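J.: build me a model from this:
(chains A and B)
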Amino acid sequence: MNLAVRIRNLEKHYVLKSETVRALRGVSFDVPAGDYVAIMGPSGSGKSTLLNLLGCLDKPTSGSYFLGDDDVAQMNDDQLSEIRASRLGFVFQSYNLIQQLTVVENIEVPLYYMDRINAKSRQRSIALAKMVGLGERLDHRPTQLSGGQQQRVAIARSLVNDPYFILADEATGNLDSVTTAEILALFQKLNDEGRTIIMVTHEDEVAEHAKRVIRLRDGLIQSDVINTHRKVFPPEVLAKAANPSEPIPALTAG
Amino acid sequence: MSILKIAWRSIQHRGLGSLLTVISMALGVMMVVSVLSINGLVSRSFRNNSSFGYDLIVGARGGGTQLTLSSVFFLGRAIETIPYEYYLAFCDKETRSKEFRNSIAYRGNEEQFRALEALNAVRMAPGSAGWGAIAEGLATDFLNRHQTAFMQIDERGLFSNYVNFAVPILLGDTYQIENSDAYFKVCATNRDYFDKLTLGEGKKFELASGRFFDNDDSEVGYFGCVMGALVAKTSGKKVGDQIKVTHGIPGESGAHIHDQLFTITGILAPTGTPNDRVVFANMEGFYLINDHVKPVVESTGINLRPDRDEAKSLADEGTKPGVELSDEELSTVRLPVEQRELTALLVSVFDEEGFGLAAQYLQQPIEQGNLASTLNWSKFRPLQAQTSAQCVNPVQEVMRLFVYFVEPAKWILLALTTLICVVSGLSILVGIYNSMSQRQHEIAVMRALGARRSHVMLIMLTEAIMLALAGGLIGWLGGRALNVALSPIVERQTGVPVRFWDFAPAEPVFAVLSPLLGNSDFASRLVKFQMSPELLLIPGLIILAVLVGVYPAISAYRTDVAKSLGK
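T.: Residues are numbered from 1 along each chain as shown, chains lettered A, B, ... in the order given. Coordinates of the predicted model:
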């Protein structure tokens, strides 16, 4: 099976004043390509630490983290930046769009850091914007969009670099229930198309849409189970979640 | 999407903040441009005013600076006077002959001089052998008595071969504007002042209205005057108006208004020189004012001048009071040479090589008393007269003043403007710093999406530089525009026109660094290198922007992505 993520004995210690906090105390799991994982846990469980490590925003104290064939635990800051740009798709709770850029420009930001901006990349960004239903708002600024629309831009952005997986951090935390459902439907549709999704959440209603749930407690994995009660959106909802009218041009080299 | 574009969008995003930063920067730069321009103007104006078409000033012994200030800039008090003969020493034979016939010595012995001239004519005439012998005898007898006078005054002047011209000036009186405290200096001189002297860069005196007075004017006689532009503007006088001059400075003891009326024959166009603040009166009329007539005494011998004590005792005894002219005579007859005095002579030296060396060589003989020997021709002397003269090079004096006063002032101004620039730079820093917490998040997002540390650092630096450049450019254009807008006023005050593209004058801008540079060949060349300081403005701004941008850049570099994203 093709693995997107392979984590072994991952530990992360923080030194606060004279005290050492062992936020992660040896975590191991695999995420096969095409999986849809929810990571859960109460505050203090090491959930955020794991998120930062998965997102290559931080380096583990020990252990290994293979993203594809490379152990990113051994990489320096610039290499990590490159990995983030080329292999990861972030979706944040507060959307984190760049305010001064338009919808399309926001979508293509990761490509810029990969040095892959060209005539086709713009087409790809526009196609992704259309796919998430923002084809009419390409030139809008984030402040002109609703929360749900902003999150759709963020999802389009997370897809632009054709990532190994989408890392969603409380992606629906700021949204009402109707919009939450729309976003989750979009995630399901993306997963149905073969995208790997890892989402960090503390809400059971969100987690129950994932195929698999990993629960953390005190820096260790408490449980790692297949979600037998998975909630699935019906096809008519999925049909509305994304607009597949246009094929998305493939990513081409710089 | 380039870094430039991202930085530009970021500036746009913080619209008002960016605008205020740019404005403060622009104002700073505007001030720098103005200061540099003012400095350039002051230098040029100084230089212009010290190239006036003459090389030397001859005046009574005293401070050379004072003599220069009073004669060139009409500032401060005039020092003592010198005898009128000193002027004649620089005149050609014709002028001297004419002046000679206007002396007490000549008037007292008019018959003899006329006879002598007649005899001379006869002596020279062909076929007059018999008469010739008689004339010879008479001439010898007369010459024995008047030899020196005859020899000296009818010959060329002592220094006339070395000079192009000499213009006499007489200072000390003022013109007080009627019903006002304002007063201006009066400079008594002759027509040569306007005909022979030049303003900066060889410009001639020009009239706004009227005409220059002639020394013996067919319309106003000896009582013509020409007003400087500022005097005319302040007093509101027109050509044809009559004015009275004040003896001394109004309000001081001994100051009083002369009854004599002078008629304004012309008003000067603005020159941008001290001449604007002066009333030029015809010297001939000036001498005829009662107070200006020096009482004279007849000395004991023909060929010897009485020394000071002797002259004084003669005056005390009341013996031989000299020749006094009645008031009626005074209004029509020119004041005799012996009773005249001058404040200064403005001398243009004949300099064939054009290296300015001739003036230097002439300075010594003039100072070393040769001039005093020209006084022996007449036995009539003013009661008290200073005979020792000094000769100064006004350009040297002005340059010395320039170095003492204007240069330090310039450095103070430059220090101030540097400070202004630093403050503007700080305003950029403050502008960026204030938005830093907001930026931390933005930077964290960019970093999360794959931006390298160096990239976000560059964005911050680029932003600072863009702000500085925008401010600098706007400020520079603004400063230039301001200069052009103020050009008419500036030109009126300094005589220097300002055009948009006139950079501040070149100077050795790196000389300040000389203590830091050591003694290498490169250092000495760098110190001597001249360029307009304005051209350093933009590179200087970039350096400044980099300096103030470094802090935000480092802060961007150090941004903890995971922490800042969580905010």
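J.: element containing B:Tyr557, please.
T.: Using DSSP states H and E, B:Tyr557 sits in helix B:537-558.
J.: tell me the buried residues in whichever helix or strand comes after that helix?
T.: Next helix or strand after helix B:537-558 toward the C-terminus (DSSP H and E): helix B:561-566. Of all the residues in helix B:561-566, those buried under the rule 16 or more other C-beta atoms under 10 Å in any protein chain shown are B:561-562, B:564-566. C-beta coordinates here come from the backbone N, C-alpha and C atoms, glycine included.
J.: need the max-distance pair from these.
T.: B:Val561 and B:Gly566 (9.7 Å; C-beta to C-beta).
J.: for B:Met283, give its distance to chain A.
T.: Here the distance between B:Met283 and chain A works out to 77 Å (C-beta to the nearest C-beta, to the nearest Å).
J.: where does that residue fall, phi/psi-wise?
T.: phi -60, psi -40 (degrees, to the nearest 10).
J.: same check on B:Ala415?
T.: phi -60, psi -40.
J.: got the contact list for it?
T.: With contacts defined as C-beta atoms under 8 Å, 6 or more residues apart in numbering or on different chains, B:Ala415 has no neighbours.
J.: what's the answer for A:Thr143, then?
T.: A:Gln99.
J.: so is it in a helix, a strand, or just coil?
T.: Here A:Thr143 is helix, with the state taken from DSSP: H, G, I helix; E, B strand; the rest coil.
J.: measure it to A:Asn96 for me?
T.: 14 Å (C-beta to C-beta, to the nearest Å).
J.: go on, A:Ala171?
T.: Distance from A:Ala171 to A:Asn96, by C-beta to C-beta: 11 Å.
J.: look at the two and report which has more neighbours.
T.: A:Ala171 (28 against 23; other C-beta atoms under 10 Å in any protein chain shown).
J.: picking up where we left off before, give me the contact list for the helix holding B:Tyr557.
T.: Residues contacting helix B:537-558 (C-beta under 8 Å, 6+ apart): B:25, B:29, B:32-33, B:421-422, B:425-426, B:428-429, B:432-433, B:436, B:439-440, B:443, B:453-454, B:456-461, B:463-465, B:467-469, B:471-473, B:476.
J.: quick check: phi and psi at the residue in the stretch 251-400 of chain B positioned nearest to chain A.
T.: Using C-beta to the nearest C-beta, the closest approach of the stretch 251-400 of chain B to chain A is made by B:Gly272 at 52.3 Å. B:Gly272 adopts backbone torsions of phi 70, psi 20, taken as degrees, to the nearest 10.
J.: what residues does the stretch 51-200 of chain A put near chain B?
T.: A:52, A:55, A:57-58, A:77-78, A:81-82, A:84-86, A:90, A:92, A:96-101, A:105, A:108-110, A:112-114, A:117, A:157 (C-beta under 8 Å from any C-beta of the partner chain).
J.: now do 7 Å
T.: Counting by C-beta under 7 Å from any C-beta of the partner chain, the stretch 51-200 of chain A comes close to chain B at A:52, A:55, A:57-58, A:77-78, A:81-82, A:84-85, A:90, A:92, A:96, A:98-101, A:105, A:109-110, A:112-114, A:117.
J.: just the buried members of these?
T.: A:52, A:55, A:57-58, A:81-82, A:84-85, A:90, A:92, A:96, A:98-101, A:105, A:109-110, A:112-114, A:117.
J.: quick one: contacts for the single nearest residue of chain B relative to chain A?
T.: Going by C-beta to the nearest C-beta, chain A is nearest to B:Gly450 of chain B, at 2.3 Å. Applying C-beta atoms under 7 Å, 6 or more residues apart in numbering or on different chains, we find B:Gly450 in contact with A:81-82, A:84-85, A:110, A:113-114.
J.: again with B:Phe184
T.: B:174-175, B:231, B:277-279.
J.: minimum pLDDT in these, which residue is that?
T.: Note: of the contacts of B:Phe184, the lowest pLDDT belongs to B:Arg277, at 87.
J.: which element is the nearest residue to it once chain neighbours are set aside on?
T.: Closest residue to B:Arg277 apart from its sequence neighbours, by C-beta to C-beta, 6 or more residues apart in numbering or on different chains: B:Leu230 at 5.1 Å. Take DSSP H and E as the rule and B:Leu230 turns out to sit in helix B:229-235.
J.: select the helix or strand of chain A having the lowest average pLDDT value.
T.: Ranking every helix and strand in chain A by mean pLDDT, DSSP states H and E puts helix A:235-241 at the bottom, with a mean of 85.
J.: give me the contacts around it.
T.: By C-beta under 7 Å, 6+ apart, helix A:235-241 touches A:182, A:185-186, A:188-189.
J.: returning to what we had before: helices - which of the contacts of B:Phe184 land there?
T.: B:Val231 (DSSP state H).
J.: which of the contacts of B:Phe184 has the largest number of neighbours?
T.: Neighbour max across those (other C-beta under 10 Å) = B:Val231, 27 neighbours.
J.: my read: it touches B:Val279, true?
T.: Yes. Assessed by C-beta atoms under 7 Å, B:Val231 is found in contact with B:Val279 at 5.6 Å.
J.: so what sits against both of those two?
T.: What both B:Val231 and B:Val279 touch, as defined by C-beta under 7 Å, 6+ apart, is the set B:175, B:184.
J.: tell me which stretches of the stretch 101-250 of chain A form helices.
T.: Listed in chain order, the helices of the stretch 101-250 of chain A (DSSP state H, counting those that start in this stretch) span A:103-113, A:119-131, A:147-159, A:177-192, A:204-207, A:235-241.
J.: residue of chain A closest to chain B, please.
T.: Scanning chain A for the residue nearest chain B gives A:Ala85, at 2.3 Å (criterion: C-beta to the nearest C-beta).
J.: which residues are contacting the helix or strand where that residue lies?
T.: In this structure, A:Ala85 sits in helix A:77-87 according to DSSP H and E. Contacts of helix A:77-87 from elsewhere in the structure, counted by C-beta under 7 Å, 6+ apart, are A:56, A:67-68, A:72, A:75, A:110, A:113-114, A:161, A:163-164, B:447-453.
J.: and the angle for it with helix A:103-113?
T.: 130 degrees (axes from the mean of the first three to the mean of the last three C-alpha atoms, to 10 degrees).
J.: thanks again, I'm all set now.
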